[in-house]
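> Compute the structure for the input listed below.
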Amino acid sequence: MEMVMAVLIGLALSATVGFRIFTPLLITGIFERVDWVTLSEGFSWVGSTPALIAFGAATIFEVLVNYIPAVGSFMKLISTPVAALAGILLTASFIGDMNPFLEWAIAIIGGGGVATASHATLTAVKGVSDTALVGPAVSVAEDATATIAPILIFFVPVLAVVFLLVMAAVTLFIQEKPGLIRCGINLKLIRK
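A predicted model of the protein is given here:
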């Protein structure tokens, strides 16, 4: 059961990467640094001073750039591969005592897949929100979710399951409303 929860926590943290790539990494690093969470062998560097400085600087940059509508949408679009890597890292850092092939398969397929799906969904939402002039409000919601969700998941691990289910439902809802996404893209093309 403990291994299942570790996988679910890793996957849920990977889903938070869709909101902000580096915030969940920074929070995980801080929690590891103060010994509130134990990462798998070989991942203690996430809580090291150089990693925390790098994650902190990247978090500040990512947050600030997302309040500039066109730049924030563009950065979200090009950062999808980085989100996948962050999802793989977060998931792998929580999976420990298991066959390395299975561990990395779960991290790459599960963590990378979940991070990419949540990031792609939020990239679509960000594009629509910028055309509807509510981009800053969406950015605040992204910041809050990227900060609060990992903290809650660490303190109440069962919330990892809830967060994954909510993210799956939101992703399916967005995919079922292609007109909503197309409308946002078309409005952007018309403005040029």
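> What are the buried residues along the helix or strand where Ala141 lies?
In this assignment (DSSP states H and E), Ala141 forms part of helix 135-155. Buried positions in helix 135-155, judged by neighbour count with 16 or more other C-beta atoms under 10 Å: Gly135, Val138, Ser139, Glu142, Asp143, Thr145, Ala146, Thr147, Ala149, Pro150, Ile153, Phe154. From N, CA and C alone the C-beta is placed, and that goes for glycine too.
> nearest to Ala168, of those residues?
Among the buried residues of helix 135-155, Ala149 lies closest to Ala168 (C-beta to C-beta), at 14.3 Å.
> What's the end-to-end length of stretch 63-72?
Using C-alpha to C-alpha, to the nearest Å, the end-to-end distance of stretch 63-72 comes to 9 Å.
> again, but for stretch 88-101
First-to-last residue span, stretch 88-101, C-alpha to C-alpha: 14 Å.
> neighbouring contacts of it?
3, 6-7, 9-11, 13-14, 17, 24-25, 28, 39-41, 43, 46, 103-104, 106-108, 110-112, 114-115 (C-beta atoms under 8 Å, 6 or more residues apart in numbering).
> Give me the buried subset of those.
6-7, 9-11, 13-14, 17, 24-25, 28, 39-40, 43, 46, 103-104, 106-108, 110-112, 114-115.
> quick one: stretch 80-97 to chain centroid distance?
When C-alpha coordinates are averaged (C-alpha atoms, centre = their mean, to the nearest Å), stretch 80-97 and its chain have centres 10 Å apart.
> Give me the below-cutoff pLDDT ranges for the protein.
130-132, 177-192 (pLDDT under 70).
> what are the ranges of the helices in it?
2-16, 22-33, 49-65, 69-78, 80-94, 100-105, 112-131, 135-155, 159-176, 178-191 (DSSP state H).
> Once you drop chain neighbours, what's closest to Ile27?
Once flanking residues are discounted, Ile27 sits nearest to Pro150: 4.5 Å by C-beta to C-beta, 6 or more residues apart in numbering.
> Look up how far Leu133 lies from that neighbour.
29 Å (C-beta to C-beta, to the nearest Å).
> Next up, the contacts around the nearest residue to Met167 once chain neighbours are set aside.
Among residues not flanking Met167 along the chain, Ala15 sits closest, at 4.6 Å (C-beta to C-beta, 6+ apart). For Ala15, the contact set (C-beta under 8 Å, 6+ apart) comprises Gly87, Val114, Ala115, Ser118, Phe163, Leu164, Met167.
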